[in-house]
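J.: Fold the following, please.
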Amino acid sequence: MIKRSLLALLALAFALLPYSMDVQAKEKEKKSPEAMRAELKAHVQSTIARFKKTDPGVERFLKDSAGYAVFPTIGKLGFILGGGYGEGEVYEAGKLIGVASLSFGTVGLQAGAQEYSEIIFFKDKADVDRFKQNKFEFDANASAVIWKSGAAAANDYRGGVAVFVLPKGGVMAEASIGSQKFAFKPESN
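T.: Take a look at the predicted model:
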């Protein structure tokens, strides 16, 4: 009974996905690039505030990292094949330097839909430069810390980055493999 209900919900989500994406595309068409950019900036700032509220220890990463990328909303959907997308802002030495997109694909045992926020902190300038040169990618299921109070104090950088995730909604069960790819675009003055 539970399996049937889950499969029915998942089928409904997949059926509504093209409609949802069409509605989102039409909404974007109505907005000017400046309005969309201002909206992203506001979402990034509220995401940072949510991370700080959940765990004030994030200040250590915000102050000590060479840079960071904030993705306010990443949508993820999967049933055997999966994928996701999100857009965010990139900061170096505390200053906005550009925008980035994150996309990924996965394959394996997976079912569900999920939204979450993600912050990637870069330990030093070389890590930021690698990101800016679009030479940065990692496993879609890379070691990320699900954000909760005290998470910042208990974690540090691995491979030059620290990745934190704050769930927003949805349910995803998975045992899959894939990769996240990033595209950086410098801020135009």
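
J.: Surely E34 forms part of a helix?
T.: Yes - under DSSP: H, G, I helix; E, B strand; the rest coil, E34 sits within a helix.

J.: Count the residues that sit near the closest residue to E89 other than its chain neighbours.
T.: Leaving aside its chain neighbours, E89 sits nearest to V44 (4.7 Å; criterion: C-beta to C-beta, 6 or more residues apart in numbering). No exception for glycine: its C-beta is placed from N, CA and C like everyone else's. With neighbours defined by other C-beta atoms under 10 Å, the count for V44 comes to 23.

J.: and what of K135?
T.: 10.

J.: ok, now L40?
T.: 17.

J.: what packs against the helix or strand where it lies?
T.: Using DSSP states H and E, the element containing L40 is helix 33-54. With contacts taken as 3 or more C-beta pairs under 8 Å, 6 or more residues apart in numbering; DSSP states H and E, helix 33-54 sits against helix 58-64, strand 67-92, strand 95-122, strand 161-186.

J.: In CSV, list the ones you listed along with mean neighbour count, mean pLDDT and distance to K132.
T.: Formatted as CSV, the helices and strands packed on helix 33-54 follow (neighbours: other C-beta atoms under 10 Å; pLDDT from 0 to 100; distance: least, C-beta to C-beta, whole Å):
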stretch, mean neighbour count, mean pLDDT, distance to K132
helix 58-64, 14, 92, 19
strand 67-92, 21, 92, 8
strand 95-122, 19, 89, 7
strand 161-186, 16, 81, 5
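
J.: Any chance of a markdown table for those, columns distance to A49?
T.: Conversion of the helices and strands packed on helix 33-54 to a markdown table gives the following (distance: least, C-beta to C-beta, whole Å):
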| stretch | distance to A49 |
| --- | --- |
| helix 58-64 | 10 |
| strand 67-92 | 11 |
| strand 95-122 | 11 |
| strand 161-186 | 11 |
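
J.: among these, which is nearest K31?
T.: Closest to K31 of the helices and strands packed on helix 33-54, according to C-beta to C-beta: strand 67-92, at 13.4 Å.

J.: tilt between the closest one and strand 161-186?
T.: 30 degrees (axes from the mean of the first three to the mean of the last three C-alpha atoms, to 10 degrees).

J.: Show me what strand 67-92 is packed up against.
T.: Using 3+ C-beta pairs under 8 Å, 6+ apart, strand 67-92 sits against helix 2-30, helix 33-54, strand 95-122, helix 125-132, strand 161-186.

J.: can you list those in TSV and add distance to G83?
T.: Shown next, in TSV, are the helices and strands packed on strand 67-92 (distance: least, C-beta to C-beta, whole Å):
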stretch	distance to G83
helix 2-30	11
helix 33-54	21
strand 95-122	5
helix 125-132	21
strand 161-186	8
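
J.: Noted, bye for now.
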